[in-house]
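1. Coordinates only, no sequence provided:
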């Protein structure tokens, strides 16, 4: 199953950020929701397949705005907490999220990192996540997840290479 | 590896010495002295504003752009109070209010419940800001859509000629985004600083200004706050400063003429 490659790439991103979890949500064809397609870490099993409306929550904001964002203390946001808690039973304190796009510039999905273990008071995590997300866009360009076998494989290799290069 | 969001590198601490700095207190007093933002209208084109949030202090008007396939233009403008769908618009509004306590804030909500047509609603929101003669519009959003390049370019030009200053957040990711890279708007990225009055100019556009946007405590949903990072939060700082200088004791230009000052690289703040 090619989605395994995407899962491996998400796992690599989680490891890079020393995060509790990392997940990737892809926009549904009707544009009204995003579906978590790959995840690694706490709540990963529960979140895969979960559909979240784009009209609320940090993932929705990231997709709608086209802007990466990092938010700490999301537990203070009752509406956000419901989104996640209902999906996975895990409520993070910190979320980094970055959108990615197809070749025409339309939003394809969102890559998010939950509770990174690195020092998030710095300013590089969002740059790294944005760069990784742009790699997703290069691979996913041209369509959604339904016909993405080859793209998943390529994505997995690219993310793994990026992580390895970072370690090097 | 860069340690700053894309477009923020020009404002990295090791590069700032390349930029001439103004005497901070004198420059601020000259630029903003006597100004509270009174008499200036500033639109937040975003996810809506929670007008009841204590850090927002109310809004002068609110409109939501909503998809409507029954109309030729594909959307309708719904005027009246609305909620903030995400918290982001409230965060931007509160940043402006913190610097310009007497400014007239206007909420133009362009984010809805569907990704389809988001560029159209961005465009509609900007057009609303221009048609209603707002002095400044903050757009902490961007589009990479090729199909929106021309429409957004057109409305950005309309804004320029109508003297509505568009202050746009650059995207933290590589690649072009619109309208933040157009010459007719002011493009902003975040830079390290705890000082909300920090303002740096980048002599190498398209991103022209750097302002506080890293680990900023911002207003959020349900009357609360959170700590956030993004160019989204730098733009409203610059939007507010552009508004303030327009009505300061030494006002030499209106907000739209901020664009004319972009070729004078300066760095203010810590």
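-> Everything's here; your move. In this text the structure is predicted, and so the values were computed from the model without any measurement.
2. what about the strands in chain B?
-> Using DSSP state E, the strands found in chain B span residues B:41-46, B:61-67, B:75-79, B:104-109, B:136-139, B:165-169, B:186-191, B:199-201, B:209-212, B:216-219, B:225-229, B:267-268.
3. next one: the first one to chain centre, how far?
-> Relative to the centre of its chain, strand B:41-46 is centred 8 Å away, using C-alpha atoms, centre = their mean, to the nearest Å.
4. quick one on the thing from earlier: and the strands of chain B as TSV, adding mean pLDDT, distance to chain A and mean neighbour count?
-> Bear in mind the C-beta positions are built from the backbone N, C-alpha and C, glycine included. Shown next, in TSV, are the strands of chain B (pLDDT from 0 to 100; distance: least, C-beta to the nearest C-beta, whole Å; neighbours: other C-beta atoms under 10 Å in any protein chain shown):
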stretch	mean pLDDT	distance to chain A	mean neighbour count
strand B:41-46	97	8	29
strand B:61-67	96	10	20
strand B:75-79	96	15	15
strand B:104-109	98	11	25
strand B:136-139	96	10	31
strand B:165-169	95	6	30
strand B:186-191	90	8	30
strand B:199-201	83	15	23
strand B:209-212	90	11	29
strand B:216-219	92	9	22
strand B:225-229	88	4	23
strand B:267-268	40	18	22
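5. Show me the one of the ones you listed that comes nearest residue A:6.
-> Counting by C-beta to C-beta, residue A:6 lies closest to strand B:225-229 out of the strands of chain B; the figure is 26.2 Å.
6. Contact distance from chain A - what residues of the stretch 101-250 of chain B qualify?
-> B:111-118, B:140-148, B:169, B:171-175, B:177, B:190, B:192, B:214-215, B:220-222, B:224-232 (C-beta under 8 Å from any C-beta of the partner chain).
7. Select from the residues you listed every entry located in helices.
-> B:118, B:231-232 (DSSP state H).
8. where does chain B dip in pLDDT?
-> Scanning chain B for pLDDT under 70 picks out B:1-26, B:172, B:174, B:248-270.
9. so who does the most centrally placed residue in it touch?
-> Nearest to the geometric centre of chain B sits residue B:138, at 2.9 Å (C-alpha atoms, centre = their mean). Contacts for residue B:138 (C-beta atoms under 8 Å, 6 or more residues apart in numbering or on different chains) come out as B:42-46, B:92, B:96, B:167, B:235-236, B:239.
10. Sort out which residues of the strand or helix carrying residue A:26 are buried, please.
-> Element membership of residue A:26 [criterion: DSSP states H and E] is strand A:19-27. By 16 or more other C-beta atoms under 10 Å in any protein chain shown, the buried positions in strand A:19-27 come out as A:19-27.
11. ok, which pair from the residues you listed is furthest apart?
-> A:20 and A:27 (24.3 Å).
12. For the closest residue to residue B:118 other than its chain neighbours, give me its contacts.
-> In space, and not counting its chain neighbours, residue B:118 is closest to residue A:64: 6.0 Å by C-beta to C-beta, 6 or more residues apart in numbering or on different chains. By C-beta under 8 Å, 6+ apart, residue A:64 lies in contact with A:54, A:107, B:47, B:86, B:111-112, B:115, B:118.
13. let's go with 7 Å and repeat that
-> A:54, B:111, B:115, B:118 (C-beta atoms under 7 Å, 6 or more residues apart in numbering or on different chains).
14. possible to save these as a markdown table with distance to residue B:103?
-> Shown next, in a markdown table, are those (distance: C-beta to C-beta, whole Å):
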| residue | distance to residue B:103 |
| --- | --- |
| A:54 | 31 |
| B:111 | 22 |
| B:115 | 32 |
| B:118 | 27 |
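15. which among those residues gets closest to residue B:244?
-> For the contacts of residue A:64, the residue nearest residue B:244 by C-beta to C-beta is residue B:111; the value is 27.0 Å.
16. And that closest one, how far from residue B:86?
-> Here residue B:111 is placed at a distance of 7 Å from residue B:86 (C-beta to C-beta, to the nearest Å).
17. tell me, what's touching those two both at once?
-> With C-beta under 7 Å, 6+ apart, residue B:111 and residue B:86 have common neighbours residue B:47.
18. Now for residue B:222, how many residues are close by?
-> 13 (other C-beta atoms under 10 Å in any protein chain shown).
19. can you check residue A:53 too?
-> 15.
20. related to what we said a few turns ago, filter the buried residues of strand A:19-27 down to the ones close to chain B.
-> residue A:27 (C-beta under 7 Å from any C-beta of the partner chain).
21. Just put the buried residues of strand A:19-27 in JSON lines and tack on pLDDT.
-> Putting these into JSON lines (pLDDT from 0 to 100) gives the following:
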{"residue": "A:19", "pLDDT": "95"}
{"residue": "A:20", "pLDDT": "94"}
{"residue": "A:21", "pLDDT": "94"}
{"residue": "A:22", "pLDDT": "94"}
{"residue": "A:23", "pLDDT": "93"}
{"residue": "A:24", "pLDDT": "92"}
{"residue": "A:25", "pLDDT": "92"}
{"residue": "A:26", "pLDDT": "92"}
{"residue": "A:27", "pLDDT": "93"}
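22. Using a markdown table, lay out the buried residues of strand A:19-27 together with distance to residue A:162.
-> Formatted as a markdown table, the buried residues of strand A:19-27 follow (distance: C-beta to C-beta, whole Å):
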| residue | distance to residue A:162 |
| --- | --- |
| A:19 | 15 |
| A:20 | 20 |
| A:21 | 19 |
| A:22 | 13 |
| A:23 | 18 |
| A:24 | 15 |
| A:25 | 20 |
| A:26 | 20 |
| A:27 | 23 |
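23. quick one: which of the buried residues of strand A:19-27 is nearest residue B:64?
-> Set against residue B:64, the nearest of the buried residues of strand A:19-27 by C-beta to C-beta is residue A:27 (21.9 Å).
24. ok, that closest one - contacts?
-> A:34, A:63, A:107-109, B:115.
25. What residues are bridge-paired with it?
-> residue A:34 (DSSP bridges).
26. so residue B:127 makes contact with residue B:154?
-> No - judged on C-beta atoms under 7 Å, residue B:127 makes no contact with residue B:154 at a distance of 9.4 Å.
27. The two: who's more crowded?
-> Higher neighbour count among residue B:127 and residue B:154: residue B:127, with 19 against 14, using other C-beta under 10 Å.
28. State the distance from the residue nearest to the more buried one when sequence neighbours are not counted to residue A:6.
-> Distances taken as C-beta to C-beta, 6+ apart put residue B:155 closest to residue B:127, at 5.4 Å, once the chain neighbours are dropped. Distance of residue B:155 to residue A:6, computed by C-beta to C-beta: 37 Å.
29. Poorly predicted segments of chain A, please.
-> A:1-5, A:75-87, A:120-123, A:136-157, A:159-160, A:163-168.
30. for chain B, what are the nearby residues on it?
-> Residues of chain A lying near chain B (C-beta under 7 Å from any C-beta): A:27, A:31-32, A:53-56, A:60-61, A:63-74, A:76-79, A:98, A:101, A:104-107, A:121, A:123-124, A:126-127, A:130-131, A:133-134.
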